[in-house]
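**Student:** Sequence and predicted structure are below.
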Amino acid sequence: MPDVARPWFATRTEDGSALPYACWALSEPALAISSAPLGGGIGLRWWVINATVPMSYRRDDPDTHLAGLAEQADLRGPGVGLLTGVDVRRMLARDEAGVRVWATVGLGTPILAAADPQPGPPAGRVGTINIVAALPVRLCDAALVNAVATITEAKAQALVELGLRATGTATDAVVVLCPPDGPEQRYGGPRSTWGARLARVVHRGVLDGAPGGSTGHAGKPTGRWSSPAADGR
C-alpha cells in the first residue's frame, strides 16, 4: 500500500488571512479516483491537498489555485486538490482494518440531491464535505467507482442520523486511494469485505466530524487535530 501517512499542515496568506491546508505526500504513487477540482478522474497520483478557503470563496479557477498551493508546498507530479470552508486542522481521522478515512465536514448548505435546483447558496453559507480514503488493496476500476458510491451512501446515512433532511452539499468531493499493483478486488460495495469497512469508517467520520455530531463541540475526539474553535460550516 502506498504510504498514506498522517497529513502535515501548511499555512498561506490570502486577502490578509492566514489559511491552512493539509498535505499528504505519498512515498510512491497511488491509484486514485476522485471528483476533486484538481486531479479528478482515475489515475496515478503523488499527493493530496485539502485546503481551507474563506466562506466567501468565489474563484472560478480552483484547479489553478490548488496547483499553486502544491507548488508552494513543493509537491511534485500529478496530485489531487480539494477545497473546503472548514478549518482543515479540525479534520477527523478514522480507520478500520487498514482502511483509513480523513473527513472535513461542512454543513452550511445541506441539500437533497434530487430537489429542485436553487440559483446558488446564500452568501457566506457555503458548505462542503471532503472525504479522503485509502485502502491497502488494489481495487479494479469498477470497484473504485463502486467505492465512491459506497462513500456517498455512508455519508448520506450519517446525515440522516444527524437529523438532516439532506444527502450532502452541492460541493462535496471524494478521493479514494489504493495501490496501483497487486491482486485486484472486484467489488467495493457496502456488502463487500473492503467496501463494508470503508462504509463504516466514512459513516463514523461524518458523524463525529459534523458540528453537533456524536462528538459535539465539548470534547476533543480521537483523531481530530486542533482546537475546537474552528468554523464547522
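**Tutor:** Thanks, I have the structure now.
**Student:** so what's Pro62 closest to, chain neighbours aside?
**Tutor:** Leaving aside its sequence neighbours, Pro62 sits nearest to Pro37 (Cβ to Cβ, 6 or more residues apart in numbering; 4.1 Å). The C-beta positions use only the backbone N, C-alpha and C, and glycine is treated the same way.
**Student:** and the helix or strand harbouring Arg204, average pLDDT?
**Tutor:** Following DSSP states H and E, one finds Arg204 within helix 193-209. Across helix 193-209, pLDDT averages out at 97.
**Student:** any idea how far Thr128 is from the residue nearest to Pro62?
**Tutor:** Taking Cβ to Cβ, to the nearest Å as the measure, Pro37 falls 11 Å from Thr128.
**Student:** who's more crowded, these two?
**Tutor:** Thr128 (25 against 18; other Cβ atoms under 10 Å).
**Student:** Neighbouring strands of the strand ranked longest in the chain in the sheet, and parallel or not?
**Tutor:** The single longest strand within the chain, with elements called by DSSP state E, is strand 17-34. Strand pairing for strand 17-34, using DSSP bridges, gives strand 8-14 (antiparallel), strand 41-52 (antiparallel), strand 173-178 (antiparallel).
**Student:** looking at the chain, which helix or strand is least sure?
**Tutor:** strand 110-111 (a mean of 91; mean pLDDT, DSSP states H and E).
**Student:** give me every residue that touches Asn50.
**Tutor:** By Cβ atoms under 8 Å, 6 or more residues apart in numbering, the residues touching Asn50 are Pro7, Tyr21, Ala22, Leu82, Leu83, Thr84, Val88, Met91, Trp102, Thr104, Asn130, Val132.
**Student:** re earlier: return the distance of the helix holding Arg204 from the chain's centre.
**Tutor:** Distance of helix 193-209 from the chain centroid (Cα atoms, centre = their mean, to the nearest Å) equals 12 Å.
**Student:** Show me what secondary structure element comes after the least confident helix or strand of the chain.
**Tutor:** strand 129-134.
**Student:** strand partners of that next one, parallel vs antiparallel please.
**Tutor:** Counting by DSSP bridges, the strands paired with strand 129-134 are strand 99-105 (antiparallel), strand 173-178 (parallel).
**Student:** For Pro190, find the nearest of those strands.
**Tutor:** strand 99-105 (12.7 Å; Cβ to Cβ).
**Student:** Which elements pack onto the helix holding Arg204?
**Tutor:** With contacts defined as 3 or more Cβ pairs under 8 Å, 6 or more residues apart in numbering; DSSP states H and E, helix 193-209 has these neighbours: strand 92-96, strand 99-105, strand 129-134, helix 141-161.
**Student:** got JSON lines for these, with mean neighbour count too?
**Tutor:** Output for the helices and strands packed on helix 193-209, formatted as JSON lines (neighbours: other Cβ atoms under 10 Å):
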{"stretch": "strand 92-96", "mean neighbour count": "19"}
{"stretch": "strand 99-105", "mean neighbour count": "27"}
{"stretch": "strand 129-134", "mean neighbour count": "27"}
{"stretch": "helix 141-161", "mean neighbour count": "20"}
